[in-house]
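Asker: build the 3D model from these lines:
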Amino acid sequence: MYASDLHRTQVRKGSGTPYIAHLLSVSSRVLSAGGSEVQAIAGLLHDAAEDQGGQATLDDVRKRFGSDVAQIVADCTDSWVEPKPAWRPRKEAYLSLLPKKPTSSLLVSLADKIDNAEAILNDYRNIGDDLWGRFTGGREGTIWYYREISSIFNTVFPGALARQLAMTVSCFPSGQTDASP
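Answerer: Residues are numbered from 1 along each chain as shown. Okay, the predicted model is just below:
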C-alpha cells in the first residue's frame, strides 16, 4: 500500500502508534460520512506531501491516483517547504484559506482534525499536561488552533462531523494552565 510505504517510519506524536492507524481512521471517517472513493483515497494520503516529500510526492500522488485525489491532498497541506515556516503564521494561513476549499477537501480535512483532536483529548486524559510538550504550538497554541478550526468547520461544513469536532474540542482544557486533566 502506497500510504503505508510513505509513512512506514512515522508514528503518532508521543504514542508510538504506527502512523498508518491515523491514515486508516481518517479514510474510514470519510467513508462513514458518505465520502467518495476519491475522498477515501485522499484520506489515506492527506499527509503524504506535507510529511513525505512535498511537491515531488504530490506529483507522484497525481500520477498514481489522479488529479482529484492530488487536489484534496494539496488542500490538506499547510506547508510545502522544509524547514516549515513558523508554526503560528503557518496555521493562521491555513485557517484563512480553509473556508475557500472545496467541499470534497473539507470532508477529508475535517475527518483528519477529528481524529487528531480525539487522540489529543485521549492522551490528555491519560497523561495530563505533559502532553502539550509534543506540540510546536504548546498548550495554548494547540488549543487555540483546534478551537479556531472547529469554529470554521461549524460555519463552512456544518453537520454531524463538525459537531463531533466541536464536542471533542469543548473537552480540551482552557487555554490557560489548569491543575487537572
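
Asker: wait, Asn154 sits on Met167?
Answerer: No. Using C-beta atoms under 8 Å, Asn154 makes no contact with Met167, being 11.1 Å away. Placement of C-beta: from N, CA and C, glycine included.

Asker: where does pLDDT dip in the chain?
Answerer: 8, 10-11, 14, 175-181 (pLDDT under 70).

Asker: all helices for it, in order.
Answerer: For the chain, the helices defined by DSSP state H occupy 2-6, 20-32, 37-45, 48-51, 54-65, 67-75, 87-97, 103-127, 138-156, 160-170.

Asker: tell me how far stretch 164-172 lies from the chain's centre.
Answerer: 15 Å (C-alpha atoms, centre = their mean, to the nearest Å).

Asker: and the gap between the closest residue to Ser4 other than its chain neighbours and Thr168?
Answerer: Distances taken as C-beta to C-beta, 6 or more residues apart in numbering put Ile20 closest to Ser4, at 5.0 Å, once the chain neighbours are dropped. Applying C-beta to C-beta, to the nearest Å, the value for Ile20 to Thr168 is 22 Å.

Asker: can you check Ala117 too?
Answerer: Taking C-beta to C-beta, one finds Ala117 at 4 Å from Thr168.

Asker: same question, Gln52
Answerer: 27 Å.

Asker: how near is Leu95 to Tyr2?
Answerer: 29 Å.

Asker: pull the number of nearby residues for the residue nearest to Ser4.
Answerer: Ile20 has 18 neighbours, counted by other C-beta atoms under 10 Å.

Asker: offset the numbering so it begins at 144, please.
Answerer: Sure, I'll start numbering at 144, so the last one becomes Ile163.

Asker: from what I see, it and Ala146 are in contact.
Answerer: Yes. Between Ile163 and Ala146 there is a contact under C-beta under 8 Å: 6.7 Å.
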